[in-house]
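> coords below, sequence missing:
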């Protein structure tokens, strides 16, 4: 399996995708909690990076991690990464993501690692989870692992006449197709999947990958610390977990006191922040402690349709919770 470079190039820069931006900034914030115990100098950050290395820049400038590594399949992209890297020490390598586990000891260089596998394809979930399992089996206490999986329900395809001959409904079709992909990572009984079920099922699959990884590592435990889901063209799921010694407590205070910590594999933070003008953002920021209903009532506009009003309320609530991570990227020409 190779990093999803081609699909990534089809999307606009992540600063222009608020949900993706918020998700990434939450992760950077979490990394700050992780490195607090041991110090940034004792960590290496490893991810697919993409052309502009946005997450590497954030980790370097906000957290102070200097040992950085990115990988991908396209030689031209790697050359561009070399030009864009935040420091001269960073390594950019043309490498398949399935080979990463074989290089972990070299990359950690005696310290700890933060690893992010950012997958976009829904077609290779088994390989993606197998890679997660391989990497998790080689991690040590203090390490942090994150994986992004495609959780778009539409990827199961259309429930057309041919599918109707095989399945009683769309939910049954989705369940069968997912079982054919990753049966060993799913519950033993799974007869139907509704759209709302897919992200929790995939989070459970990551949990299963972690449990399988622990079979030969009785001295460690793998603890979920953050799970998010957001729409970014497709709906995506990210799951982040921390590695602890078996004898240690669940999490140190730096984690437990973090506002967005996930206490369970299925505790998924939905990210659905609204697109706001600069004026709208400042207006809501001044009222950020108010309830969503009160904020909406103070705005001079709003949907008259009840369903759209409920959507707006959910978006305002999401913004209230996550406004600290909201991007500030605006065109001032108009």
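Ah, there it is. What you see is a predicted model; the values in this text were computed from it and never measured. Numbering: from 1, shown residues only.
> Now for the nearest residue to residue 231 once chain neighbours are set aside: which residues touch it?
Nearest residue to residue 231 in three dimensions, chain neighbours excluded: residue 19, at 6.2 Å (C-beta to C-beta, 6 or more residues apart in numbering). (C-beta placed from N, C-alpha, C; glycine too.) Listed by C-beta atoms under 8 Å, 6 or more residues apart in numbering, the contact set of residue 19 reads 230-232, 271-273.
> Now do the host helix or strand of residue 45: which elements does it pack against?
Per DSSP states H and E: residue 45 is located in strand 43-47. Judged by 3 or more C-beta pairs under 8 Å, 6 or more residues apart in numbering; DSSP states H and E, the packing partners of strand 43-47 are helix 18-35, helix 54-58, strand 67-72, helix 104-108, strand 112-118.
> strand partners of it, parallel vs antiparallel please.
strand 67-72 (parallel), strand 112-118 (parallel) (DSSP bridges).
> what's next to the longest one, contact-wise?
The reference is to strand 112-118. Residues outside strand 112-118 that contact it (C-beta under 8 Å, 6+ apart): 3-4, 27, 31, 34-35, 38, 42-48, 50, 55, 59, 65, 97, 100, 104, 107, 128, 131-132, 135, 139-140, 142-148.
> Narrow those to just the buried residues.
For the contacts of strand 112-118, a burial check counting by 16 or more other C-beta atoms under 10 Å picks out 3-4, 27, 31, 34-35, 42-48, 50, 55, 59, 65, 97, 100, 104, 107, 128, 131-132, 135, 139-140, 142-148.
> can you list the weak-confidence ranges in this structure?
Applying pLDDT under 70 to the chain picks out residues 1-16, 329-334.
> For it, which segments are assigned as strands?
43-47, 67-72, 91-94, 112-118, 144-150, 220-232, 234-245, 269-271 (DSSP state E).
> Which of these sits closest to residue 194?
strand 234-245 (13.2 Å; C-beta to C-beta).
> Show me the strands paired with the closest one, marking each as parallel or antiparallel.
As assigned by DSSP bridges, strand 234-245 forms pairs with strand 144-150 (antiparallel), strand 220-232 (antiparallel).
> Out of those, indicate the one that is most buried.
Counting by mean count of other C-beta atoms under 10 Å, strand 144-150 has the highest mean neighbour count of the strands paired with strand 234-245, with a mean of 24.
> quick one, it and helix 18-35 angle?
Relative orientation of strand 144-150 versus helix 18-35 (axes from the mean of the first three to the mean of the last three C-alpha atoms, to 10 degrees): 160 degrees.
> contacts for strand 144-150?
Contacts for strand 144-150 (C-beta under 8 Å, 6+ apart): 27, 30-31, 34, 112-122, 125, 128, 132, 135-136, 139, 202, 206, 222, 225-226, 234-243.
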